[in-house]
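**Q** with the sequence up front, the predicted model follows.
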Amino acid sequence: MVKVKEKLLENIYSPADLKKLQPADLPDVCDELREFIIDVVSTNPGHFGASLGVVELTVALHYVYNTPRDLLVWDVGHQAYGHKILTGRRENFHTNRKLKGISGFPRREESEYDTFGVGHSSTSISAALGMAVASNLKKEDDRKIVAVIGDGAMTGGMAFEALNNAGACKANLLVILNDNNMAIDPNSGVIGQYLLNISKSHAYNKVKKEVWEGLGKLDGFGKTTRKFIQKNQHALKNMLLRENNLFEAFDFRYFGPIDGHDVEYLTEVLNDLKDIPGPKLLHVITKKGKGFRQAEMDQIKFHSPGLFNKETGEIYSSDCPSKKKHKFQNVFGETLLELAEQNEKIVGITPAMPTGCSMNLMIEKMPHRAFDVGIAEQHAVTFAAGLATQGMVPFCNIYSTFMQRAYDQIIHDVAIQNLPVIFCLDRGGLVGEDGPTHHGAFDIAYMRTVPNIIVAAPMDEVDLRNLMYTAQLGELKQPISIRYPRGSGNISDWKKPFEKIGIGKGRQLSDGQDLAILTIGKSGIFAQQAVKVLAEKEAISAAHFDMRFVKPLDEELLLKILKKYRLILTVEDGAIKGGFGSAVLEFMAEKGLSAHVRMLGIPDRFIEHGPSEDLYRICGIDEEGIVQAACEMSGK
């Protein structure tokens with residue numbers, strides 16, 4: 001009779017349960033954890049490859065450290081699925097990223113094991129340093145602080161700012177560099193190549209392996225290892241590597257590189273490092289998508305693949321082929337390439353999102369004119385500014401939520417100098433399951449406060465295309481922000497001949513007598529349907545105006561609207577505080593005009609994660625919300 005192997009993961013409800021196992025059991029735990037992630041994510045879409053790559057590291061960390069007393073900070077957050085499963089959320093992991101379910105990222109209010117909220121990258125070392133300094137001030141000498149940074153996050157400047165500070169503080173901190181040579185796309189820049197050079201240094205790795213194996217045969221392995229490392233490792237590296245170690249230059253003790261998929265060896269190393277004081281960096285080599293063949297082979301596609309067949313790896317498309325709709329990001333990418341072929345001054349810039357924003361099309365065809373600058377939004381903006389000073393036409397594409405990180409550069413380096421940089425802000429509005437760290441809620445409000453910047457939001461694919469065309473003609477002598485939503489629009493035949501759009505000019509899409517609905521961006525699509533429903537079901541005649549520009553507003557059109565209508569409904573898929581509706585009210589106040597104005601937009605709170613259609617409904621800015629607001633205003 002064949003004995004059925006006992007399942008280990010189903011009995012792990014916390015790291016305390018994990019610690020009851022023997023080191024020899026950990027590979028089985030890793031296998032089960034990896035299979036569990038594959039099972040759930042294949043039917044409940046989310047980030048995939050990154051968490052598979054850190055399964056062994058996650059198990060080792062919770063096995064060695066006394067979490068949550070010891071503090072573990074993840075960077076970037078989509079590496080943390082295994083962490084969530086091992087820390088009491090296995091049974092409800094199927095709710096991951098669903099409305100009212102658990103978040104796809106670490107979130108402090110969700111669990112005491114989530115020590116720091118993470119969504120944007122390159123924050124872990126700064127946060128962990130703050131925790132380490134606080135622990136020192138509180139004389140909590142027994143508390144260990146660990147930052148896990150990976151998936152391209154080390155290309156962000158903030159990580160190096162933190163390394164610089166941590167080295168100077170001599171903080172008792174361990175940074176684990178999860179090196180898989182990937183962000184969402186392959187890492188760009190020399191940092192990735194530098195790490196690759198370290199990992200492939202045959203001389204160093206050969207000697208290091210022999211030293212570690214030799215020490216393993218001695219009694220008191222841990223103490224001996226620590227003494228030897230402290231005495232000899234720095235000299236060994238400098239002797240065998242062609243250049244001094246970058247991290248040692250920051251006064252970090254550098255250890256590695258080691259195999260990040262050998263869980264037993266990881267636990268040994270982590271145990272040895274626990275009691276070495278001061279700032280330390282452990283370099284761990286992993287493979288994104290580890291354990292799922294298709295994810296290993298196509299790491300970009302399986303970063304966040306959507307629904308897929310766990311047996312074959314086939315990804316199920318959520319798009320209906322008959323509609324032939326293109327995502328806004330694809331419209332941007334194809335239009336940029338088309339314009340760049342016509343205008344040799346155009347250059348493209350993206351901070352580590354070439355596939356996500358579709359600038360990969362231009363990078364493939366024109367690599368000398370399109371640049372992935374790494375996870376470095378501040379640099380991307382100022383780099384674009386430098387290009388603009390020399391007469392180039394930079395299209396700087398950054399997700400709305402990530403553009404927040406470069407606000408000073410927008411003001412200081414672009415707007416004050418009035419440089420004609422073209423900002424294309426992808427993922428404007430509510431983006432769905434990624435939640436509050438990724439919603440593009442604030443760009444309308446934060447852009448319109450900056451002098452010199454034109455702020456535009458196309459309603460559809462054709463408008464996006466024409467705004468891009470207009471921006472690069474050379475007639476604009478100032479920066480422009482063009483924001484557009486995630487997902488598809490409603491026009492299949494969008495690749496039409498270019499047309500110039502008048503700056504600051506809106507358009508009337510339908511006529512009506514009872515009230516005027518003023519929209520910006522994607523909200524116009526909802527309003528078009530709402531106008532039909534109002535006419536058919538509520539006997540309300542509503543005029544619809546797509547304003548296209550938040551700054552400058554179409555003052556001529558607004559004056560006509562305010563002269564004719566006493567009921568004005570503004571709708572936007574951005575923060576209601578300081579946004580498009582506020583701009584309309586400010587205009588009315590300046591002109592001494594009055595009307596009954598109601599504003600619909602994203603309310604003054606952080607919106608949770610969930611399907612986009614649910615979130616738009618919750619915020620009251622979908623078709624149903626517009627109809628309801630119009631009925632209430634009209635008294636019907």
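**A** Done, it's in. Residues are numbered from 1 along each chain as shown.
**Q** how about the residue nearest the centre of the chain, phi and psi?
**A** Centroid-nearest residue in the chain: H120, 5.3 Å away (criterion: CA atoms, centre = their mean). Dihedral pair for H120: phi -90, psi 160, per degrees, to the nearest 10.
**Q** in the stretch 201-350 of the chain, where is pLDDT below threshold?
**A** Along the stretch 201-350 of the chain, segments meeting pLDDT under 70 span 201-244, 317-325.
**Q** the chain too?
**A** 1-5, 182-190, 192-193, 196-244, 317-325.
**Q** tell me the contacts of the residue nearest to the centre of the chain?
**A** V76, T401, F402, R405, T437 (CB atoms under 8 Å, 6 or more residues apart in numbering). For the C-beta atoms, the positions are set from N, CA and C on the backbone; glycine is no exception.
**Q** for those, give me TSV that also has secondary structure, distance to I149 and neighbour count.
**A** Shown next, in TSV, are the contacts of H120 (DSSP: H, G, I helix; E, B strand; the rest coil; distance: CB to CB, whole Å; neighbours: other CB atoms under 10 Å):
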residue	secondary structure	distance to I149	neighbour count
V76	coil	8	28
T401	helix	20	23
F402	helix	17	22
R405	helix	16	22
T437	coil	17	18
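**Q** closest to M588 among those residues?
**A** Checking the contacts of H120 against M588 with CB to CB, the nearest one is T401 at 30.5 Å.
**Q** so how far is D460 from the closest one?
**A** Separation of T401 from D460 (CB to CB, to the nearest Å) stands at 22 Å.
**Q** also T155?
**A** 35 Å.
**Q** do R483 as well
**A** 13 Å.
**Q** which of those two has more neighbours?
**A** The neighbour count for R483 versus D460, taken as other CB atoms under 10 Å, is higher for R483 (28 against 21).
**Q** send over the strand ranked longest in the chain as PDB, restricted to the C-alpha atoms.
**A** Identified as the longest strand of the chain according to DSSP state E is strand 567-575. What follows is strand 567-575, C-alpha atoms only, in PDB (Å, rounded to 0.1, in the frame of the first residue of the first chain):
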ATOM      1  CA  LEU A 567     -28.900  73.100 -14.200                       C
ATOM      2  CA  ILE A 568     -25.300  72.000 -14.800                       C
ATOM      3  CA  LEU A 569     -23.900  68.500 -14.000                       C
ATOM      4  CA  THR A 570     -20.200  68.000 -14.300                       C
ATOM      5  CA  VAL A 571     -18.700  64.500 -14.500                       C
ATOM      6  CA  GLU A 572     -15.100  63.300 -14.200                       C
ATOM      7  CA  ASP A 573     -13.200  60.100 -13.400                       C
ATOM      8  CA  GLY A 574     -10.800  62.000 -11.200                       C
ATOM      9  CA  ALA A 575     -10.700  63.500  -7.700                       C
END
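**Q** gap between that strand and the chain center?
**A** 27 Å (CA atoms, centre = their mean, to the nearest Å).
**Q** again with stretch 496-516
**A** Offset of stretch 496-516 from its chain centre (CA atoms, centre = their mean): 33 Å.
**Q** stretch 260-270 too?
**A** That offset, for stretch 260-270, works out to 29 Å (CA atoms, centre = their mean).
**Q** care to break this structure down by domain?
**A** 9-201+241-294, 328-483, 507-634 (automatic domain parsing).
**Q** deepest of the ones you listed, which one?
**A** Across these, averaging neighbours per residue (mean count of other CB atoms under 10 Å) puts domain 328-483 on top, at a mean of 22.
**Q** tell me how far L562 lies from I540.
**A** 19 Å.
**Q** over to D443?
**A** D443 sits 32 Å away from I540, going by CB to CB.
**Q** just S111 next, same as before
**A** 48 Å.
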